[in-house]
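Peer 1: Let me see the structure of the following:
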Amino acid sequence: MDFRILGPLELEGDDGPIQVRGRKEEALLALLVVNAGTAVSVDAIAEELWGDRPPPTAIKTLRSHVSRLRSQLGKAVDIETTGSGYVLNADRATIDASRFEDLLDSGIEHRRGGSHQLAASDLASSLDEWRGPALAGLEDHNFARTEAARLDSRRLEALEARLASDLELGRHRQLVAELEQLVSAHPHHEAFWKYLMMALYRSDRQADALGAFQDAKASLGDELGIEPSEELRELEEQILLQDPTLLAPPEREDRVHNLPTSLDSFVGREEELDEIRLLLTDYRCVTLTGVGGSGKTRLGIEAARSNIDRYPDGARWAELATINDPDGLPSTFSWRSVSREVMRPIPVESW
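Peer 2: Purely as a prediction, here's the structure:
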(Lines give C-alpha, C1' and ligand atoms only; values in the text may rest on other atoms or scores of the structure.)
Protein backbone atom coordinates (compact mmCIF):
# COMPACT_ATOMS: atom_id res chain seq x y z
CA MET A 1 0.00 0.00 0.00
CA ASP A 2 1.26 3.48 -0.87
CA PHE A 3 0.09 6.33 1.37
CA ARG A 4 0.09 9.83 -0.13
CA ILE A 5 -0.47 13.05 1.81
CA LEU A 6 1.52 15.49 -0.34
CA GLY A 7 -1.71 16.64 -1.88
CA PRO A 8 -5.19 15.23 -1.08
CA LEU A 9 -5.07 11.97 0.88
CA GLU A 10 -4.65 9.07 -1.56
CA LEU A 11 -4.03 5.35 -1.21
CA GLU A 12 -2.68 3.08 -3.92
CA GLY A 13 -2.79 -0.69 -3.60
CA ASP A 14 -1.63 -3.47 -5.89
CA ASP A 15 -4.97 -3.33 -7.69
CA GLY A 16 -5.12 0.46 -8.03
CA PRO A 17 -6.43 3.42 -6.01
CA ILE A 18 -8.50 2.81 -2.88
CA GLN A 19 -11.19 5.31 -1.95
CA VAL A 20 -11.71 6.00 1.76
CA ARG A 21 -15.39 6.60 2.44
CA GLY A 22 -16.43 8.89 5.25
CA ARG A 23 -14.97 12.22 6.38
CA LYS A 24 -14.15 10.94 9.85
CA GLU A 25 -12.46 7.83 8.45
CA GLU A 26 -10.42 9.96 6.05
CA ALA A 27 -9.26 12.28 8.85
CA LEU A 28 -8.51 9.31 11.11
CA LEU A 29 -6.37 7.62 8.47
CA ALA A 30 -4.51 10.86 7.67
CA LEU A 31 -3.75 11.34 11.37
CA LEU A 32 -2.38 7.80 11.62
CA VAL A 33 -0.27 8.27 8.45
CA VAL A 34 1.23 11.50 9.80
CA ASN A 35 2.16 9.60 12.98
CA ALA A 36 3.01 6.29 11.28
CA GLY A 37 4.87 3.94 13.61
CA THR A 38 3.81 5.88 16.70
CA ALA A 39 0.72 5.15 18.78
CA VAL A 40 -1.88 7.93 18.84
CA SER A 41 -3.98 7.96 21.99
CA VAL A 42 -7.75 7.70 21.91
CA ASP A 43 -8.02 11.11 23.58
CA ALA A 44 -5.79 12.75 20.95
CA ILE A 45 -7.77 11.18 18.10
CA ALA A 46 -11.08 12.23 19.66
CA GLU A 47 -9.85 15.81 20.00
CA GLU A 48 -8.78 15.90 16.35
CA LEU A 49 -12.05 14.40 15.11
CA TRP A 50 -14.51 16.30 17.34
CA GLY A 51 -12.60 19.26 18.76
CA ASP A 52 -12.56 20.32 22.39
CA ARG A 53 -16.02 18.88 23.05
CA PRO A 54 -16.16 15.25 21.92
CA PRO A 55 -19.55 13.56 22.35
CA PRO A 56 -20.12 11.27 25.35
CA THR A 57 -20.06 8.29 23.00
CA ALA A 58 -16.73 9.35 21.38
CA ILE A 59 -14.77 6.23 22.38
CA LYS A 60 -17.46 3.85 21.15
CA THR A 61 -17.95 5.87 17.96
CA LEU A 62 -14.18 5.91 17.36
CA ARG A 63 -14.10 2.13 17.55
CA SER A 64 -16.77 2.03 14.85
CA HIS A 65 -14.74 4.40 12.62
CA VAL A 66 -11.64 2.26 13.08
CA SER A 67 -13.62 -0.89 12.28
CA ARG A 68 -15.05 0.64 9.10
CA LEU A 69 -11.62 1.90 8.07
CA ARG A 70 -10.06 -1.53 8.52
CA SER A 71 -12.89 -3.07 6.51
CA GLN A 72 -12.35 -0.63 3.65
CA LEU A 73 -8.58 -1.04 3.53
CA GLY A 74 -8.35 -4.78 4.05
CA LYS A 75 -5.34 -6.73 5.26
CA ALA A 76 -2.88 -4.64 3.25
CA VAL A 77 -3.01 -1.94 5.94
CA ASP A 78 -2.03 -2.77 9.52
CA ILE A 79 -3.86 -0.54 12.00
CA GLU A 80 -2.91 -1.97 15.38
CA THR A 81 -4.82 -1.43 18.60
CA THR A 82 -2.49 -0.48 21.45
CA GLY A 83 -3.09 -0.07 25.15
CA SER A 84 -3.98 3.61 24.79
CA GLY A 85 -4.92 4.07 21.15
CA TYR A 86 -4.02 3.05 17.61
CA VAL A 87 -0.91 2.90 15.45
CA LEU A 88 -0.42 2.52 11.70
CA ASN A 89 2.41 0.09 11.03
CA ALA A 90 3.85 1.22 7.69
CA ASP A 91 7.34 1.35 6.22
CA ARG A 92 8.72 4.82 5.50
CA ALA A 93 9.16 3.90 1.84
CA THR A 94 5.37 3.51 1.50
CA ILE A 95 4.61 7.10 2.60
CA ASP A 96 5.24 9.90 0.11
CA ALA A 97 6.03 12.49 2.81
CA SER A 98 8.71 10.21 4.28
CA ARG A 99 10.19 9.55 0.85
CA PHE A 100 10.22 13.30 0.22
CA GLU A 101 12.07 14.07 3.45
CA ASP A 102 14.54 11.20 3.02
CA LEU A 103 15.42 12.40 -0.50
CA LEU A 104 15.62 15.99 0.73
CA ASP A 105 18.02 15.03 3.53
CA SER A 106 20.07 12.97 1.07
CA GLY A 107 20.24 15.90 -1.36
CA ILE A 108 21.36 18.30 1.36
CA GLU A 109 24.04 15.82 2.43
CA HIS A 110 25.28 15.58 -1.17
CA ARG A 111 25.41 19.39 -1.35
CA ARG A 112 27.54 19.50 1.78
CA GLY A 113 29.91 17.05 0.15
CA GLY A 114 30.06 19.06 -3.07
CA SER A 115 28.26 16.44 -5.18
CA HIS A 116 25.85 18.87 -6.82
CA GLN A 117 24.83 16.46 -9.60
CA LEU A 118 23.62 13.90 -7.08
CA ALA A 119 22.13 16.65 -4.91
CA ALA A 120 20.13 18.11 -7.80
CA SER A 121 18.88 14.63 -8.74
CA ASP A 122 17.74 13.73 -5.21
CA LEU A 123 16.19 17.16 -4.62
CA ALA A 124 14.30 17.08 -7.91
CA SER A 125 13.04 13.57 -7.07
CA SER A 126 11.91 14.78 -3.65
CA LEU A 127 9.87 17.57 -5.21
CA ASP A 128 8.33 15.13 -7.69
CA GLU A 129 6.52 13.49 -4.76
CA TRP A 130 4.27 16.55 -4.43
CA ARG A 131 0.84 16.64 -6.10
CA GLY A 132 -0.50 19.83 -4.47
CA PRO A 133 -0.86 21.37 -0.98
CA ALA A 134 -0.16 18.75 1.70
CA LEU A 135 -3.26 17.16 3.28
CA ALA A 136 -5.51 19.26 1.05
CA GLY A 137 -9.15 19.09 2.09
CA LEU A 138 -8.35 18.36 5.74
CA GLU A 139 -7.61 21.94 6.79
CA ASP A 140 -10.38 21.83 9.43
CA HIS A 141 -8.17 19.61 11.61
CA ASN A 142 -5.35 21.04 13.72
CA PHE A 143 -2.94 18.18 13.02
CA ALA A 144 -3.39 18.63 9.26
CA ARG A 145 -2.74 22.38 9.38
CA THR A 146 0.35 21.90 11.56
CA GLU A 147 1.82 19.10 9.47
CA ALA A 148 1.00 20.87 6.18
CA ALA A 149 2.82 23.99 7.37
CA ARG A 150 5.86 21.96 8.38
CA LEU A 151 5.97 20.05 5.11
CA ASP A 152 5.48 23.23 3.08
CA SER A 153 8.47 24.77 4.86
CA ARG A 154 10.56 21.74 3.94
CA ARG A 155 9.26 21.96 0.37
CA LEU A 156 10.65 25.50 0.12
CA GLU A 157 13.90 24.20 1.61
CA ALA A 158 14.09 21.52 -1.08
CA LEU A 159 13.32 24.01 -3.83
CA GLU A 160 15.97 26.45 -2.63
CA ALA A 161 18.58 23.71 -2.36
CA ARG A 162 17.73 22.34 -5.82
CA LEU A 163 17.99 25.80 -7.39
CA ALA A 164 21.34 26.38 -5.69
CA SER A 165 22.68 23.05 -6.99
CA ASP A 166 21.40 23.78 -10.50
CA LEU A 167 23.22 27.12 -10.42
CA GLU A 168 26.39 25.31 -9.30
CA LEU A 169 25.97 23.02 -12.29
CA GLY A 170 25.85 25.99 -14.68
CA ARG A 171 22.15 25.70 -15.54
CA HIS A 172 21.39 29.41 -15.08
CA ARG A 173 19.80 29.94 -18.50
CA GLN A 174 17.33 27.11 -17.95
CA LEU A 175 16.37 28.50 -14.54
CA VAL A 176 15.37 32.05 -15.51
CA ALA A 177 11.77 31.30 -16.52
CA GLU A 178 11.15 29.12 -13.46
CA LEU A 179 12.61 31.75 -11.12
CA GLU A 180 10.48 34.49 -12.66
CA GLN A 181 7.41 32.41 -11.85
CA LEU A 182 8.66 31.76 -8.32
CA VAL A 183 9.25 35.43 -7.45
CA SER A 184 5.80 36.19 -8.80
CA ALA A 185 4.25 33.52 -6.59
CA HIS A 186 6.49 34.27 -3.58
CA PRO A 187 7.37 37.99 -3.85
CA HIS A 188 8.62 38.17 -0.25
CA HIS A 189 10.94 35.16 -0.47
CA GLU A 190 14.37 36.77 -0.89
CA ALA A 191 16.20 33.56 -1.80
CA PHE A 192 14.24 33.35 -5.06
CA TRP A 193 15.09 36.97 -5.90
CA LYS A 194 18.75 36.23 -5.17
CA TYR A 195 18.82 33.22 -7.48
CA LEU A 196 16.95 35.14 -10.20
CA MET A 197 19.49 37.98 -10.06
CA MET A 198 22.35 35.49 -10.31
CA ALA A 199 20.74 33.54 -13.15
CA LEU A 200 20.06 36.70 -15.13
CA TYR A 201 23.55 38.07 -14.59
CA ARG A 202 25.17 34.80 -15.62
CA SER A 203 22.98 34.79 -18.72
CA ASP A 204 24.59 38.11 -19.81
CA ARG A 205 21.56 40.13 -18.69
CA GLN A 206 23.13 42.52 -16.20
CA ALA A 207 20.48 45.23 -16.63
CA ASP A 208 17.68 42.69 -16.03
CA ALA A 209 19.49 41.41 -12.93
CA LEU A 210 19.63 44.96 -11.53
CA GLY A 211 16.00 45.43 -12.49
CA ALA A 212 15.11 42.30 -10.51
CA PHE A 213 16.72 43.84 -7.45
CA GLN A 214 14.60 46.97 -7.84
CA ASP A 215 11.49 44.80 -8.19
CA ALA A 216 12.43 42.94 -5.00
CA LYS A 217 13.04 46.21 -3.18
CA ALA A 218 9.68 47.60 -4.29
CA SER A 219 7.82 44.42 -3.31
CA LEU A 220 9.39 44.29 0.14
CA GLY A 221 9.02 48.02 0.74
CA ASP A 222 5.48 48.53 -0.57
CA GLU A 223 3.92 45.46 1.06
CA LEU A 224 6.04 44.85 4.16
CA GLY A 225 7.70 48.21 4.74
CA ILE A 226 11.20 46.70 4.94
CA GLU A 227 14.44 47.02 3.00
CA PRO A 228 16.14 44.13 1.19
CA SER A 229 18.55 42.12 3.32
CA GLU A 230 22.24 42.96 3.44
CA GLU A 231 22.96 39.82 1.39
CA LEU A 232 20.69 41.00 -1.42
CA ARG A 233 22.15 44.53 -1.35
CA GLU A 234 25.68 43.10 -1.51
CA LEU A 235 24.69 41.01 -4.51
CA GLU A 236 23.40 44.13 -6.27
CA GLU A 237 26.75 45.83 -5.65
CA GLN A 238 28.64 42.80 -6.95
CA ILE A 239 26.55 42.87 -10.13
CA LEU A 240 27.17 46.61 -10.57
CA LEU A 241 30.92 46.04 -10.21
CA GLN A 242 30.82 42.90 -12.36
CA ASP A 243 32.51 40.97 -9.59
CA PRO A 244 34.40 38.03 -11.15
CA THR A 245 33.32 35.77 -8.27
CA LEU A 246 29.80 35.85 -9.76
CA LEU A 247 30.94 34.20 -12.99
CA ALA A 248 29.09 31.01 -13.74
CA PRO A 249 30.86 27.68 -13.37
CA PRO A 250 31.08 25.71 -16.60
CA GLU A 251 27.97 23.66 -17.23
CA ARG A 252 28.60 20.14 -16.09
CA GLU A 253 27.41 17.23 -18.15
CA ASP A 254 25.54 14.43 -16.44
CA ARG A 255 27.80 11.49 -15.71
CA VAL A 256 27.23 8.71 -18.21
CA HIS A 257 25.56 5.64 -16.74
CA ASN A 258 23.02 2.95 -17.49
CA LEU A 259 22.19 2.09 -13.90
CA PRO A 260 18.76 0.52 -13.47
CA THR A 261 16.06 2.92 -12.30
CA SER A 262 14.27 2.03 -9.07
CA LEU A 263 10.61 2.91 -8.57
CA ASP A 264 10.99 3.17 -4.80
CA SER A 265 13.42 5.14 -2.63
CA PHE A 266 16.53 3.64 -1.03
CA VAL A 267 16.46 4.15 2.73
CA GLY A 268 19.10 3.21 5.28
CA ARG A 269 22.26 1.07 4.90
CA GLU A 270 24.43 4.19 5.19
CA GLU A 271 27.15 2.22 6.99
CA GLU A 272 27.44 -0.28 4.14
CA LEU A 273 27.51 2.52 1.55
CA ASP A 274 30.24 4.33 3.48
CA GLU A 275 32.27 1.10 3.72
CA ILE A 276 31.95 0.48 -0.03
CA ARG A 277 32.94 4.09 -0.74
CA LEU A 278 36.05 3.62 1.39
CA LEU A 279 36.95 0.31 -0.26
CA LEU A 280 36.60 1.83 -3.73
CA THR A 281 39.21 4.40 -2.77
CA ASP A 282 41.84 1.66 -2.38
CA TYR A 283 40.64 -1.20 -4.61
CA ARG A 284 39.61 -1.48 -8.24
CA CYS A 285 37.39 -4.51 -7.62
CA VAL A 286 35.01 -4.80 -4.66
CA THR A 287 32.77 -7.86 -4.31
CA LEU A 288 29.56 -7.89 -2.29
CA THR A 289 28.64 -11.27 -0.82
CA GLY A 290 25.64 -12.51 1.13
CA VAL A 291 22.70 -14.89 1.09
CA GLY A 292 20.12 -14.68 -1.65
CA GLY A 293 17.59 -11.89 -1.19
CA SER A 294 19.75 -9.87 1.20
CA GLY A 295 19.84 -6.88 -1.15
CA LYS A 296 23.33 -7.20 -2.68
CA THR A 297 22.23 -6.04 -6.15
CA ARG A 298 20.30 -3.01 -4.91
CA LEU A 299 23.15 -2.04 -2.58
CA GLY A 300 25.64 -2.29 -5.44
CA ILE A 301 23.49 -0.12 -7.69
CA GLU A 302 23.09 2.53 -5.00
CA ALA A 303 26.81 2.43 -4.26
CA ALA A 304 27.55 3.06 -7.94
CA ARG A 305 24.97 5.82 -8.06
CA SER A 306 26.30 7.58 -4.96
CA ASN A 307 29.91 7.42 -6.21
CA ILE A 308 29.28 8.36 -9.83
CA ASP A 309 30.75 11.87 -9.48
CA ARG A 310 34.12 10.36 -8.62
CA TYR A 311 34.57 8.89 -12.10
CA PRO A 312 34.91 11.13 -15.18
CA ASP A 313 33.51 8.39 -17.44
CA GLY A 314 30.57 7.64 -15.15
CA ALA A 315 29.40 4.16 -14.17
CA ARG A 316 28.06 1.22 -16.13
CA TRP A 317 25.84 -1.72 -15.19
CA ALA A 318 27.02 -4.99 -16.72
CA GLU A 319 24.65 -7.96 -16.37
CA LEU A 320 26.76 -11.14 -16.20
CA ALA A 321 24.15 -13.62 -14.99
CA THR A 322 22.95 -14.40 -18.50
CA ILE A 323 26.43 -14.99 -20.03
CA ASN A 324 27.04 -18.64 -20.94
CA ASP A 325 29.94 -18.16 -23.35
CA PRO A 326 33.21 -16.75 -21.93
CA ASP A 327 33.77 -14.94 -25.23
CA GLY A 328 30.76 -12.76 -24.41
CA LEU A 329 32.41 -11.26 -21.34
CA PRO A 330 34.52 -8.55 -23.04
CA SER A 331 31.61 -7.26 -25.13
CA THR A 332 29.45 -7.05 -22.02
CA PHE A 333 32.01 -4.70 -20.50
CA SER A 334 32.55 -2.65 -23.68
CA TRP A 335 31.61 1.03 -23.52
CA ARG A 336 31.39 3.29 -26.52
CA SER A 337 33.03 6.20 -24.64
CA VAL A 338 36.13 4.08 -23.89
CA SER A 339 38.60 3.27 -26.66
CA ARG A 340 39.54 -0.30 -27.49
CA GLU A 341 43.13 0.48 -26.47
CA VAL A 342 41.95 1.32 -22.95
CA MET A 343 39.19 -1.29 -22.74
CA ARG A 344 41.31 -4.40 -23.34
CA PRO A 345 39.54 -7.76 -23.00
CA ILE A 346 40.38 -9.50 -19.72
CA PRO A 347 40.94 -13.28 -19.93
CA VAL A 348 38.30 -15.19 -18.04
CA GLU A 349 41.02 -17.28 -16.35
CA SER A 350 42.22 -14.17 -14.49
CA TRP A 351 38.85 -13.62 -12.77
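
Peer 1: mind checking pLDDT for Pro330?
Peer 2: According to the prediction, Pro330 has pLDDT 65.

Peer 1: ok, now the one 10 residues further on?
Peer 2: In this model, Arg340 is scored at 33, pLDDT.

Peer 1: So, low pLDDT: which residues of the stretch 151-300 of the chain?
Peer 2: Applying pLDDT under 70 to the stretch 151-300 of the chain flags residues 250-258, 261-268.

Peer 1: one more time with 50
Peer 2: The stretch 151-300 of the chain contains no residues with pLDDT under 50.

Peer 1: And the helices in it, which stretches?
Peer 2: With helices called from DSSP state H, counting those that start in this stretch, the stretch 151-300 of the chain shows them at 172-185, 190-202, 206-224, 230-240, 270-282, 296-306.

Peer 1: from those helices, which stretch is densest packed?
Peer 2: Mean neighbours per residue, mean count of other Cβ atoms under 10 Å, is largest over the helices of the stretch 151-300 of the chain for helix 190-202, with a mean of 24. In short, each C-beta sits where N, CA and C put it, glycine included.

Peer 1: Could you figure out how far that one is turned away from helix 230-240?
Peer 2: Angle of helix 190-202 versus helix 230-240, following axes from the mean of the first three to the mean of the last three Cα atoms, to 10 degrees, is 10 degrees.

Peer 1: what helices or strands is helix 190-202 leaning on?
Peer 2: helix 142-168, helix 172-185, helix 206-224, helix 230-240 (3 or more Cβ pairs under 8 Å, 6 or more residues apart in numbering; DSSP states H and E).

Peer 1: Show me how far the first one is from its chain's centre.
Peer 2: With Cα atoms, centre = their mean, to the nearest Å as the basis, the distance from the averaged C-alpha position of helix 142-168 to the chain average is 10 Å.

Peer 1: Counting neighbours, which bits of that helix end up buried?
Peer 2: For helix 142-168, burial by neighbour count (16 or more other Cβ atoms under 10 Å) applies to 143-144, 147-148, 151, 154-155, 157-168.

Peer 1: can you list the domain ranges for the chain.
Peer 2: 2-92, 96-246, 270-350 (automatic domain parsing).

Peer 1: Next up, phi/psi of Val40, please.
Peer 2: phi -110, psi 130 (degrees, to the nearest 10).
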